[in-house]
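**Q** Return atomic coordinates for the entry below.
(4 chains)
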2 protein chains.
Amino acid sequence: MRNVAQNPESPTTSFGEEEIVEQIYEAAIEQRLPPGTKLSESALCEAFGVGRMRIRRSLLLLASREIVELHSNRGAYVSSPTPDQAREVFEARRSIEPNAVRIAVDRANADDLGTLKRHLDEEAVAHRDGNRRQAIRLSGQFHVELARIAGNAIMTRMVKELVTRTSLIIGMFGAPGTTNCADTEHYQLFDFLVAGDGEAASQLMNSHLEHIETNLDLTAGASRNVDLIELFKRS
Amino acid sequence: MRNVAQNPESPTTSFGEEEIVEQIYEAAIEQRLPPGTKLSESALCEAFGVGRMRIRRSLLLLASREIVELHSNRGAYVSSPTPDQAREVFEARRSIEPNAVRIAVDRANADDLGTLKRHLDEEAVAHRDGNRRQAIRLSGQFHVELARIAGNAIMTRMVKELVTRTSLIIGMFGAPGTTNCADTEHYQLFDFLVAGDGEAASQLMNSHLEHIETNLDLTAGASRNVDLIELFKRS
DNA sequence: GTCGGCACGATTGTCAACAATTTTGCTCGC
DNA sequence: GCGAGCAAAATTGTTGACAATCGTGCCGAC
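**A** Residues are numbered from 1 along each chain as shown, chains lettered A, B, ... in the order given. Now for the predicted structure:
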């Protein structure tokens, strides 16, 4: 094993567990960590240049958010959501996000709208350039940004967790190549925000989430041997 | 320090961190752990008869749910919600629970209704007998039970977290002696469930949560030195 | 040739000692 | 008598080594 002092990416900064969790979150959102990927402690220690304890705590936090699964004595794996879990995630999102948008409509100020507009433009650029990772990340983060505008830290955290899990779900059940959201609907949401029409925004968010779920194929027979499936996908 | 082998309450079973978290959850719901209470590691080790590592992990999980606050090098304390956080909790609850009830109305079967009815009767008995702890616990758990009937594990977890935080909030801002909910509204909710009227149940849940919030006094001046306050409360 | 058992290697889980920081009580000086 | 400074004690944070468990490859028996 290599000396675990510093990692090549950021030699000066030593990561706190918050940052480690954040990095793994982002990697999951961008689908750089496909469901089922093993997250071995030693590998993460090298990657982040920290001790095992901090990695362990980070993995525990990620497991409590159901982003990773902890198998006793067998290690940590990126969560492989089942079709049922996928349905639950979307049901939860449809329960929370329409309300979050409605609140966001009331609380959004000029700065918020500017930030959101810039975000949308970045998203459009990423789509145009075929930058899939960026597109996926921004597409998911748009929803988190809306929750942030709503000004409720709890709901923001919930949305963030659900968006990340949605990325994992799309990684498992989405047609390969599809992005998370149709960005045209994001633009419509923005328009409703500008117009201050909370009810319309709320309803659009609901159908938007329904559209995303519709584009999935959740008919897979609850395959528990996911290792095989993704092994095939890789080869 | 005492030998940390077995605790008097349950000599045979050794607690997993799930159970430890659960116990602290329940204690917080029943307001046996007032906000600001210090949760020292050694004390918890004795209480549960487990090693320090497991306690540490449990506290981390509780902190990730914002039931406890972790102050670096100073220990773990039961969360003392600020008025702003209190408002956020109720806003989140009003965003989630009305939808949860609506779903529950659709999915409830005879068994669910029976369980709920029994729960309500227990609640009434506890109220009648002046068994404050039981009343508080059952009152909160009624909401969790509704989420469970809705059949969505994610939303159930969220509601459970929010209900627990609500107990802490009531402990801080509630008039002393008030219970969490007016149980008459719980009976009305049950009636709507039996009648299958999701819309009415959803609206009632919303106003029910508003009533709870209204009974609080959130005008406290964001006191950060909560230690003093609760010190006074105890003496 | 294939299946069951066995031992090895690797990885995770746990524990105990150590280091660092905070808190508390005391003493000294004013 | 009161407050600042200091020192001891207690508590938390971290590190390292050790124990337990699981996966894998090999070997022998049928």
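
**Q** Buried ones in the helix or strand harbouring A:Ala76, by neighbour count?
**A** Assessed by DSSP states H and E, A:Ala76 sits inside strand A:75-78. Using 16 or more other C-beta atoms under 10 Å in any protein chain shown as the test for burial, strand A:75-78 gives A:76-78. C-beta: built from backbone N, CA, C; applies to glycine.

**Q** Run the angle between the longest helix anywhere in chain A and helix B:83-107 for me.
**A** As assigned by DSSP state H, the longest helix anywhere in chain A is helix A:83-107. In terms of direction (axes from the mean of the first three to the mean of the last three C-alpha atoms, to 10 degrees), helix A:83-107 departs from helix B:83-107 by 130 degrees.

**Q** Could you check how far helix A:83-107 is from the centre of its chain?
**A** What separates the centre of helix A:83-107 from the centre of its chain is 14 Å, taken as C-alpha atoms, centre = their mean, to the nearest Å.

**Q** Was I right to think A:Asn152 contacts A:Ile103?
**A** Yes. Using C-beta atoms under 8 Å, A:Asn152 is in contact with A:Ile103, at 6.9 Å.

**Q** can you list residues touching both of those two?
**A** B:Glu91 (C-beta atoms under 8 Å, 6 or more residues apart in numbering or on different chains).

**Q** ok so, going back, so, in contact with DNA strand C or not, the strand holding A:Ala76?
**A** Yes. Counting by C-beta under 7 Å from any atom of the strand, DNA strand C is contacted by strand A:75-78 at A:75-76.

**Q** so, in contact with DNA strand D or not, that strand?
**A** No. Between strand A:75-78 and DNA strand D, judged by C-beta under 7 Å from any atom of the strand, nothing touches; the nearest distance is 8.7 Å.

**Q** Is that strand in proximity to chain B?
**A** No. Under the criterion of C-beta under 8 Å from any C-beta of the partner chain, strand A:75-78 makes no contact with chain B; the nearest approach is 13.9 Å.

**Q** cool, and stretch A:22-34?
**A** No. Judged by C-beta under 8 Å from any C-beta, stretch A:22-34 stays clear of chain B, getting no closer than 13.2 Å.

**Q** For that stretch, list every residue counted as buried.
**A** For stretch A:22-34, by 16+ other C-beta under 10 Å, it's A:23-31, A:33-34.

**Q** what do you get for stretch A:106-122?
**A** In stretch A:106-122, counting by 16+ other C-beta under 10 Å, buried: A:108, A:112, A:116, A:119-120, A:122.

**Q** That one: how far from the chain's middle?
**A** 20 Å.

**Q** Equivalent analysis for stretch A:132-140, please.
**A** 9 Å.

**Q** what mean pLDDT does that stretch have?
**A** For stretch A:132-140, the mean per-residue pLDDT is 90.

**Q** Now tell me what touches it from outside.
**A** Contacts for stretch A:132-140 (C-beta under 8 Å, 6+ apart): A:26, A:29-32, A:119, A:122-123, A:126-127, A:163-164, A:166-167, A:177, A:179-181, A:183, A:186.

**Q** again, but for stretch A:150-164
**A** With contact meaning C-beta under 8 Å, 6+ apart, stretch A:150-164 is reached by A:25, A:28-29, A:65-67, A:89, A:92-93, A:96-97, A:99-101, A:103-104, A:107, A:140-141, A:143-144, A:146-148, B:85, B:88-89, B:91-92, B:95, B:154, B:158, B:162.

**Q** Which of the residues in it are classified as buried?
**A** Applying 16+ other C-beta under 10 Å to stretch A:150-164 flags A:150-152, A:154-164 as buried.
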